[in-house]
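Student: Give me a model of this one.
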Amino acid sequence: MHVEPSHFPTKHWHHLEDGRVQCDLCPRDCKLKDGQQGLCFVRSAENGRIVLNTYGRSSGFVVDPIEKKPLNQFLPGTPVFSFGTAGCNLSCQYCQNWDMSKSREIDILADSASPEAIAAKARQLGARSVAYTYNDPVIFHEYAIDTARACREQGIKSVAVTAGYINPEPRKEFFAVMDAANIDLKGFTEAFYRKICKGHLQPVLDTLEYVRHETDCWLEITTLVIPGHNDSADEIERMTRWVVERLGPDVPMHFTAFHPDYKMRDVPPTPPSTLTRAREIAMANGVRYAYTGNVHDPAGQSTYCHHCGQLLIERDWYVLGTWNLDAQGHCNRCGTPLAGVFEAQPGRWGPQRLPVRMAEG
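Tutor: Numbers count the residues shown, from 1 in each chain. Here you go, the predicted model:
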């Protein structure tokens, strides 16, 4: 059953002359007759308007380490209360959450919670933030925004894990209430986005520049490196140069390992050496904080001072070790500030994963 958002006056749709309704949330601009769903599966035309059919419903709630999002320079070591819904507005052939993101079945949304209940539960559990993740939160725009507003009232921060495939007007509303974001830069060619993701590159680049330069939202970037598709040295060169030139050297980049899934089970896993090479290229091009992910690589997952080279935050998967930041987030050897959002002491959540039941009846 559709639930009307409680705080949301903006309508991201308009009527067409032929009687259809166009959804204006993302660059797909789905044009729908009454009863039809958009490509995301969760937004549909009903009685001449676009509605979100998953408001208040989730595929589940889990407390995760913030590093799993991945965010390495936003409240390190702290727990993040994480949830998603169903559907997605891209069609990535390798999707590693395809059971949720490509589900057409609302029945998988077995848990329910109001925005206020999510904020209260996060605070009760000691989470420092709430993450909108697993599937892309831009498609549950109204639910994510209402939840982020409720979280702010409780002193809880909000984290978006997203592909950034969203139109300019809703983008302003969405990122205005987010405190941090990890945005997927899935590749650096239009051909990759068109063939593998069934989308376009430029809207994602526009979102990255908008978030970096027009908001206070802390930004990190993830690229899932897929053998034979987006792993060439040339593509990593061009991507990392663009990041430094257009976003600046302080935006962390995560190069993570692909494993065969969904419709790309015939592609081999990413060799760790490929991730190390991507990290080295990024750093050679001026990216100050480049990381490897989905592999065991403490050196490639730790944070170093870009000025003196000291180890600042040691990581082994989701476990923090050495911490060489002062209370202001500066290198305790040379005083250089580390870009990011830090508390005086690191969190100690570690690798725990805590499922949470939230059904409200």
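Student: Can you list the neighbours in contact with the helix or strand encompassing F174?
Tutor: Under the criterion of DSSP states H and E, F174 resides in helix 168-176. Here helix 168-176 makes contact (C-beta atoms under 8 Å, 6 or more residues apart in numbering) with 10, 12, 24-26, 137-138, 141, 144-145, 160, 166, 181, 206-207, 210-211, 215, 217. For every residue, glycine as well, the C-beta is placed using N, CA and C.
Student: Now which of those residues would you call buried?
Tutor: Taking 16 or more other C-beta atoms under 10 Å as the criterion, what is buried in the contacts of helix 168-176 is 12, 24-26, 137-138, 141, 144-145, 160, 166, 181, 206-207, 210-211, 215, 217.
Student: How about the helix holding F174, which residues are buried there?
Tutor: 170-171, 173-175.
Student: ranges for the helices of the stretch 151-300 of the chain?
Tutor: Using DSSP state H, counting those that start in this stretch, the helices of the stretch 151-300 of the chain run over residues 168-176, 190-192, 202-214, 233-246, 272-284, 298-301.
Student: Turn those into a markdown table, columns for distance to I313 and mean pLDDT.
Tutor: Output for these, formatted as a markdown table (distance: least, C-beta to C-beta, whole Å; pLDDT from 0 to 100):
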| stretch | distance to I313 | mean pLDDT |
| --- | --- | --- |
| helix 168-176 | 26 | 97 |
| helix 190-192 | 32 | 97 |
| helix 202-214 | 22 | 98 |
| helix 233-246 | 21 | 98 |
| helix 272-284 | 16 | 98 |
| helix 298-301 | 9 | 98 |
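Student: Adding distance to R149, write these out as JSON lines.
Tutor: Shown next, in JSON lines, are those (distance: least, C-beta to C-beta, whole Å):
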{"stretch": "helix 168-176", "distance to R149": "10"}
{"stretch": "helix 190-192", "distance to R149": "35"}
{"stretch": "helix 202-214", "distance to R149": "18"}
{"stretch": "helix 233-246", "distance to R149": "30"}
{"stretch": "helix 272-284", "distance to R149": "35"}
{"stretch": "helix 298-301", "distance to R149": "33"}
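Student: So which of the ones you listed is nearest R348?
Tutor: Nearest to R348, of all those, is helix 298-301, at 17.5 Å by C-beta to C-beta.
Student: quick revisit: export the helix holding F174 as PDB, just CAs?
Tutor: Provided in PDB are the C-alpha atoms of helix 168-176 (Å, rounded to 0.1, in the frame of the first residue of the first chain):
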ATOM      1  CA  PRO A 168      19.500  18.100 -10.800                       C
ATOM      2  CA  GLU A 169      16.500  19.300  -8.800                       C
ATOM      3  CA  PRO A 170      15.900  16.200  -6.800                       C
ATOM      4  CA  ARG A 171      19.700  16.000  -6.300                       C
ATOM      5  CA  LYS A 172      19.600  19.300  -4.400                       C
ATOM      6  CA  GLU A 173      17.000  18.000  -2.000                       C
ATOM      7  CA  PHE A 174      18.600  14.600  -1.500                       C
ATOM      8  CA  PHE A 175      22.200  15.800  -0.800                       C
ATOM      9  CA  ALA A 176      21.000  18.700   1.300                       C
END
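Student: Give me the angle between it and helix 202-214.
Tutor: Counting by axes from the mean of the first three to the mean of the last three C-alpha atoms, to 10 degrees, helix 168-176 lies at 50 degrees to helix 202-214.
Student: How many residues are close by the residue nearest to H306 when sequence neighbours are not counted?
Tutor: The shortest distance from H306 to any non-neighbouring residue, by C-beta to C-beta, 6 or more residues apart in numbering, is to R288 (4.0 Å). Neighbours of R288 under the rule other C-beta atoms under 10 Å: 20.
Student: can you pull the pLDDT of R288?
Tutor: According to the per-residue confidence, R288 scores 98 in pLDDT.
Student: thought E220 was touching H254?
Tutor: Yes. Contact criterion C-beta atoms under 8 Å: E220 and H254 qualify, at 6.6 Å.
Student: Between the two, point out the one with more neighbours.
Tutor: Neighbour count, other C-beta under 10 Å: between E220 and H254, H254 has more, with 29 against 22.
Student: what's near enough to touch the more buried one?
Tutor: Applying C-beta under 8 Å, 6+ apart, we find H254 in contact with 70, 72, 182, 220-223, 290-293.
Student: what do you get if the cut-off is 6 Å, keeping everything else the same?
Tutor: By C-beta atoms under 6 Å, 6 or more residues apart in numbering, the contact list for H254 reads 70, 222, 291, 293.
Student: and it, bridged to which residues?
Tutor: T222, Y291 (DSSP bridges).
Student: okay, it: pLDDT?
Tutor: Note on H254: pLDDT of 98.
Student: That one and S91, how far apart?
Tutor: Applying C-beta to C-beta, to the nearest Å, the value for H254 to S91 is 23 Å.
Student: Check L185 too.
Tutor: Remark: distance between L185 and S91 (C-beta to C-beta) = 17 Å.
Student: Looking at those two, which is more packed in?
Tutor: Ranked by neighbour count (other C-beta under 10 Å), L185 and S91 place L185 first, with 22 against 17.
Student: I'd say that one and I221 touch.
Tutor: Yes. Assessed by C-beta atoms under 6 Å, L185 is found in contact with I221 at 5.1 Å.
Student: now the strands for the stretch 101-250 of the chain?
Tutor: Here the stretch 101-250 of the chain has its strands, by DSSP state E, counting those that start in this stretch, at 111-112, 129-132, 157-162, 180-184, 218-225.
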